[in-house]
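S.K.: generate coordinates for the sequence data below:
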Amino acid sequence: MSSTVVEPIPRGTLGRRVGRRLGDWAPAAVVFVAGIGLWEGIVQGLDIEEFLLPPPSDIAQTLWTERETLWSAGWFTFEEALGGWVMGCSAAILTALILARWRTLATAIMPFAIAANAIPIIAFAPITNNWFGTLSQLSKMVIAAVLCYFPVLVNTLRGLTSVRPQQIELMRSYAAGEVEIFRRVRIPNALPFIFTGLKVATVLAMIGAIVGDWFGGSLDALGVEIQRQAGVFAFTEAWAAIVVASVLGIAFYASVAAVERLTMGWHPSTRGAAE
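M.R.: Okay, the predicted model is just below:
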């Protein structure tokens, strides 16, 4: 008769990680619950009118009763944000690779990139609606892409160029070309910077998509839903739509952060956080 030996799970590994995660999130959870409770108490205690500030309980009820409309509009706008995020981040990473290879070109182009980033997005949104069509999702994607482009460009370029000279000299001593140096040194060094830019861009993409909807868009869009509800003084519904936008933005950010943790386990910046 064969026997199966079950090895004990090392103590202090999984449990310690779970406990650490809960400990990291505990302060945020406490602040969130306290903030919601304070909000509800102030509104109810001071008898604040609903059109000024609806209580969280009413917003939560609206989120449930209007869930199909709100989440359908939220997903429509999330598609715009995701498309703009992909467009803007891809263009930024490609530009950063080119500028890191030819530094003189970077010196010439960066002032124009900074100037483009300084343009108020509310001034740019009507122009893209005119270019691509008010009801087109592409016009909102372009707005989101413009917002995502600069932070990803700056972070990626910083990561590609902040390599220690000794590493470059070592690679060249092995007769490595520029492509090999980028593949083995510059790009791995830039990955934490890239993911930082990508995470920041998720929030900016949602803002860009909603701002684009605000200046005209499909009736299925979340920004149009917020504007319409606020226009008829249905502020509880407007706040519920804002909550949907926030939840989608947080989920978008968390998704990119999860990909970073899964793909960057070999890097010291994430290895230390996972232990």
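
S.K.: okay, now S162: neighbour count?
M.R.: When neighbours are counted by other Cβ atoms under 10 Å, S162 registers 11. Heads up, the C-betas are built off the backbone N, CA and C, glycines and all.

S.K.: and what of the one 10 residues further on?
M.R.: Here the count is done by other Cβ under 10 Å, and R172 has 13 residues near it.

S.K.: what ranges do the helices span in this protein?
M.R.: For the chain, the helices defined by DSSP state H occupy 14-45, 56-65, 67-101, 103-117, 121-132, 137-161, 165-173, 178-181, 187-214, 222-231, 235-263, 268-274.

S.K.: quick one: the longest one to helix 222-231, angle?
M.R.: What it means is helix 67-101. Counting by axes from the mean of the first three to the mean of the last three Cα atoms, to 10 degrees, helix 67-101 points 130 degrees away from the direction of helix 222-231.

S.K.: go on, the second one?
M.R.: Here helix 56-65 runs at an angle of 130 degrees relative to helix 222-231 (the same axes, to 10 degrees).

S.K.: could you say what helices and strands helix 56-65 packs with?
M.R.: helix 14-45, helix 235-263 (3 or more Cβ pairs under 8 Å, 6 or more residues apart in numbering; DSSP states H and E).

S.K.: avg pLDDT for the longest one?
M.R.: Mean per-residue pLDDT for helix 14-45: 74.

S.K.: okay, and the helix or strand of the chain with the least pLDDT?
M.R.: helix 268-274 (a mean of 53; mean pLDDT, DSSP states H and E).

S.K.: low-confidence regions, the stretch 1-150 of the chain specifically.
M.R.: The stretch 1-150 of the chain contains residues with pLDDT under 70 at 1-24.

S.K.: please repeat the previous calculation with a cut-off of 80.
M.R.: 1-26, 28-29, 39-40, 48-52, 103-104, 106-107, 112-120, 122-123, 134 (pLDDT under 80).

S.K.: for S218, give me its contacts.
M.R.: Residues counted as contacts of S218 (Cβ atoms under 8 Å, 6 or more residues apart in numbering) are 76, 135, 137, 224.

S.K.: dump those into a markdown table; add neighbour count and distance to T62 as well.
M.R.: Shown next, in a markdown table, are the contacts of S218 (neighbours: other Cβ atoms under 10 Å; distance: Cβ to Cβ, whole Å):
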| residue | neighbour count | distance to T62 |
| --- | --- | --- |
| F76 | 22 | 19 |
| L135 | 13 | 27 |
| Q137 | 22 | 26 |
| V224 | 21 | 17 |
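
S.K.: dump the residues you listed to JSON lines, plus distance to L52.
M.R.: JSON lines is the format used below for these (distance: Cβ to Cβ, whole Å):
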{"residue": "F76", "distance to L52": "29"}
{"residue": "L135", "distance to L52": "33"}
{"residue": "Q137", "distance to L52": "34"}
{"residue": "V224", "distance to L52": "23"}
